[in-house]
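Engineer: Below are the sequence and a predicted model; questions follow.
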Amino acid sequence: MANLINRQKVLSINILNYNTFEKSRVCIDSCLKQKGDNFRVLLIDNSSTDDSYIKLKEIYGNQIEYFQTGENFGFAKGNNIGVKDSFDKGYQYTLMLNSDTEIVGEELVSNLIDIISSNEKCKVIVPDIFHVTVNGNRLHKNDSFYLRMLRRINILPSNHKINEDIQTISEAHGSALLVENMEFLKVGGFPWYFFMYGEEGLFSKRILWDGYLIFSWSNKKCYILHHHDKSKRIDPWRLFLMGRNRVLEFYSVDEAKQTFLWKFCLFFFYLKICLSSNKDMRIHFCKGMKNGFNMVRCNASKESFYNNGRLIRSNY
């Protein structure tokens, strides 16, 4: 059986590139070091405006595969297109990686596949993700007050340990997550109308509401490094979209579960941001929340949210 599995198209490792030549090289190099021959590496170019795609194709040639979206669709839709291509090509799973990530440990992929393929209820799995910051590597905690509150009032299921290395979580971080392609497409993938930021939150909830589990796997030798910009400043347009999409997520939870929780969460987050010591956070995140609230109140369409996100990314 093991030999049969090795001959099958099991996993596509998808890397979404947008003007990130150096970071994409680090990511691709780490993927090519993975043991096994039942996976491919797919570089998805989200219509880069520089020569990063051309240069990467010259370097890697036929070592990897390539896909050009033809337009900058943002993180959510760009990854959705990649998973659909993987599914259409016969791959059962997709590991989605930000171009600014790096795999540590040559057996990370094989371990993730072994775990998800041996657990029928698991449709998404994430390894440990360490954010590389000016203050050193910081482990992503996979939880928040908001998620704990949703579990407490039974909007999300409780979490539990599977064994010493694996536990269930309420949300998978979007920088590195492995999904079963069929289930990913069944729940609609990432909400494409978010454009970028926060889409993994609503996607994860849809997986859980569909009766499946999200696993977190911890291993000291195999993990992900997420190479953020090491400066402490976040671009204003990013903060704006984070605030806008948080409102949209709260509203989507309300639509799905028929609660009035989203207005409480909106107020809680608004208060939290207003008390932040980060001036940019107070200004731009709150502007984004206001923009999102106004669009929700006016019953804006998903297309309107998507186009609004593209304009913010380009012109903010």
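Structural biologist: Perfect, thanks for sending it.
Engineer: List the buried residues for stretch 308-316?
Structural biologist: Buried positions in stretch 308-316, judged by neighbour count with 16 or more other CB atoms under 10 Å: Asn308, Gly309, Arg310, Ile312, Arg313. Where you see a C-beta, it was placed from the backbone N, CA and C, and this is true even at glycine.
Engineer: I meant to write stretch 126-135 there.
Structural biologist: Buried residues in stretch 126-135, counted by 16+ other CB under 10 Å: Val126, Pro127, Asp128, Ile129, Phe130, His131, Val132.
Engineer: Just name the closest of these to Met281, please.
Structural biologist: His131 (16.9 Å; CB to CB).
Engineer: OK, contacts around the closest one?
Structural biologist: Neighbouring residues of His131 by CB atoms under 8 Å, 6 or more residues apart in numbering: Asn137, Arg138, Leu139, His140, His226, His228.
Engineer: Most neighbours among these, which one?
Structural biologist: Taking other CB atoms under 10 Å as the neighbour criterion, His226 ranks highest of the contacts of His131 with 20 neighbours.
Engineer: Which residues lie in contact with that residue in this structure?
Structural biologist: Asn98, Asp100, Thr101, Ile129, Phe130, His131, Val132, His140, Ser175, Ala176.
Engineer: beta partners for it?
Structural biologist: The residues listed as beta-bridge partners of His226 by DSSP bridges are Thr101, His131.
Engineer: Tell me how far it lies from Asp29.
Structural biologist: Taking CB to CB, to the nearest Å as the measure, His226 falls 16 Å from Asp29.
Engineer: Run through who's touching the host helix or strand of Asp114.
Structural biologist: Using DSSP states H and E, Asp114 sits within helix 108-117. For helix 108-117, the external contacting residues (CB under 8 Å, 6+ apart) are 10-11, 13, 34-36, 38-39, 93, 95, 103, 122-125, 127, 166, 178, 180, 215, 217, 219, 222-224.
Engineer: Kindly recompute the last result at 7 Å.
Structural biologist: The contact list for helix 108-117, computed with CB atoms under 7 Å, 6 or more residues apart in numbering, reads 10-11, 34-36, 39, 93, 95, 122, 125, 127, 166, 178, 180, 215, 217, 219, 222.
Engineer: just stretch 148-160 next, same as before
Structural biologist: Stretch 148-160 is contacted by residues Leu147, Gln167, Thr168, Ile169, Ser170, Lys205, Leu208, Val253, Lys257, Thr259 when judged by CB under 7 Å, 6+ apart.
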